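Asker: please work out how this folds:
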Amino acid sequence: MAAGTGAYDRRFDSGRVCLDLVATGAEASGASERLDCPARLAEWLVASRLVPLGTPLVAVDETWVARFRQLRSCIDRLMTAQLTGGSADKALELVNALAAGAPPGLRAVRGQGGALVRELSADPGCGELLASVARDAVDLLTDPVARAGLRRCEGDACRRLYLDTSRGRRRRWCSSEVCGNRERVARHRRRVKAVP
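Answerer: Take a look at the predicted model:
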């Protein structure tokens with residue numbers, strides 16, 4: 001993969017990069033595995049804004065994919081434990097260990113037209129990018145206000161996590177356009193079917 005310039009399909013935005021990582025799993029979305037190869041991981045790294053567009057991602061390989069999937073699984077277990085009142089101590093240990101690493105260095109440079117744009121100070125390493133995601137998970141878990149907005153989609157086939165930032169905190173679905181619409185259509189069909 002020469003550069004992070006792919007067209008990753010990012011229909012879902014959970015409100016946090018750590019939850020966006022969890023949403024890439026087949027078990028979360030009911031869809032196929034989204035991090036199935038190095039190229040897809042590189043596309044996700046750009047789409048999630050962990051690296052700026054055009055950042056060379058030549059080092060991304062199968063070991064990166066495996067490590068990101070492992071972190072994804074740990075974050076999912078931690079967030080599920082948070083929602084259910086359980087514990088996931090082994091997952092917490094790994095997330096804490098990764099969060100202790102240094103994230104990629106950033107710098108501001110002049111882009112086209114003279115505006116300042118974000119650029120990494122060096123080619124990113126896997127550990128640095130994992131540290132960024134793990135720190136986001138630690139941030140979410142230790143911020144009482146953000147943590148109170150953590151939700152799991154109520155859609156029938158969906159297990160996505162998201163932050164409910166709606167007024168009144170009444171959001172029920174990860175996406176009103178997709179899961180919410182499915183629920184409304186199903187409700188309508190049940191009403192029509194119930195009418196003699």
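
Asker: report the helix or strand with the lowest average pLDDT across the protein.
Answerer: helix 26-29 (a mean of 62; mean pLDDT, DSSP states H and E).

Asker: what about dumping the CA coordinates of the helix or strand that it is followed by to PDB?
Answerer: Using DSSP states H and E, the next helix or strand after helix 26-29 towards the C-terminus is helix 38-47. Taking Å, rounded to 0.1, in the frame of the first residue of the first chain, the C-alpha atoms of helix 38-47 are listed here in PDB:
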ATOM      1  CA  PRO A  38      -3.700  -4.500   5.100                       C
ATOM      2  CA  ALA A  39      -5.200  -2.300   2.300                       C
ATOM      3  CA  ARG A  40      -8.500  -2.000   4.100                       C
ATOM      4  CA  LEU A  41      -6.800  -1.200   7.400                       C
ATOM      5  CA  ALA A  42      -4.800   1.500   5.700                       C
ATOM      6  CA  GLU A  43      -8.000   2.900   4.200                       C
ATOM      7  CA  TRP A  44      -9.700   2.900   7.700                       C
ATOM      8  CA  LEU A  45      -6.700   4.700   9.200                       C
ATOM      9  CA  VAL A  46      -7.200   7.500   6.800                       C
ATOM     10  CA  ALA A  47     -11.000   7.500   7.000                       C
END
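
Asker: so what does helix 38-47 touch, helix or strand wise?
Answerer: helix 62-84 (3 or more C-beta pairs under 8 Å, 6 or more residues apart in numbering; DSSP states H and E). C-betas here are computed from N, CA, C, even on glycine.

Asker: contacts for whichever helix or strand comes after the helix it packs on?
Answerer: Heading C-terminal from helix 62-84, the first helix or strand you meet, by DSSP H and E, is helix 89-99. With C-beta atoms under 8 Å, 6 or more residues apart in numbering as the test, helix 89-99 has contacts from 70-71, 73-75, 77-78, 81, 127, 130-131, 133-135, 137-138.

Asker: buried ones in helix 89-99?
Answerer: For helix 89-99, a neighbour-count test (16 or more other C-beta atoms under 10 Å) marks 91, 92, 94, 95, 98, 99 as buried.

Asker: now stretch 152-166: mean pLDDT?
Answerer: Across stretch 152-166, pLDDT averages out at 80.

Asker: what helix or strand is residue 109 on?
Answerer: strand 106-110.

Asker: may I have that strand as PDB, with CA atoms only?
Answerer: What follows is strand 106-110, C-alpha atoms only, in PDB (Å, rounded to 0.1, in the frame of the first residue of the first chain):
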ATOM      1  CA  LEU A 106       2.000  15.900  14.500                       C
ATOM      2  CA  ARG A 107       3.100  19.100  12.900                       C
ATOM      3  CA  ALA A 108       1.400  21.900  11.100                       C
ATOM      4  CA  VAL A 109       2.600  22.600   7.500                       C
ATOM      5  CA  ARG A 110       1.400  24.900   4.800                       C
END
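
Asker: partners of the very next helix or strand once past that strand in the sheet?
Answerer: Next along the chain after strand 106-110, taking DSSP H and E as the criterion, comes strand 116-120. Here strand 116-120 has these sheet partners by DSSP bridges: strand 106-110 (antiparallel).
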